[in-house]
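>>> give the three-dimensional model of this entry:
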Amino acid sequence: MADRLTEEERRELPDSVYGLPERREYPMPDAAHVRAAEAYFRHCPEDLKPRLARAILARARVCGVDIKSPAVLSYSQE
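Predicted coordinates for the structure are as follows:
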């Protein structure tokens, strides 16, 4: 999968691979997209950061990605 998803590819993804499934934001179908979600974490609304952080860590385990962002790690503990 390319580093950018087309609109059609995004529509075809299951909710389970989105960091915020109810908003269908932060798609993480593969390791590259998990890293992208980590990089764009700072753009997430403050009230959603703990949930997104936990989702990033969960998908990172599935995709074999080591999350290093102190912000993601910190918010996942809240």
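>>> what mean pLDDT does the longest helix along the chain have?
For the chain, the helix that runs over the most residues, judged by DSSP state H, is helix 49-63. For helix 49-63, the mean pLDDT works out to 98.
>>> right, and the helix or strand after that helix?
Downstream of helix 49-63, the next assigned helix or strand under DSSP states H and E is helix 70-76.
>>> quick check: mean pLDDT of that following helix?
When pLDDT is averaged along helix 70-76, the result is 97.
>>> just checking, what packs against that helix?
Helix 70-76 sits against helix 49-63, with contacts defined as 3 or more CB pairs under 8 Å, 6 or more residues apart in numbering; DSSP states H and E. Where you see a C-beta, it was placed from the backbone N, CA and C, and this is true even at glycine.
>>> just the CA trace of stretch 61-69, in CSV.
Taking Å, rounded to 0.1, in the frame of the first residue of the first chain, the C-alpha atoms of stretch 61-69 are listed here in CSV:
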residue,chain,number,x,y,z
ARG,A,61,1.8,-4.0,18.3
VAL,A,62,-0.1,-5.7,15.4
CYS,A,63,2.1,-4.1,12.7
GLY,A,64,5.4,-4.5,14.6
VAL,A,65,6.1,-0.8,15.0
ASP,A,66,8.0,0.6,18.0
ILE,A,67,6.4,3.8,19.1
LYS,A,68,8.9,6.3,20.4
SER,A,69,6.8,9.5,20.7
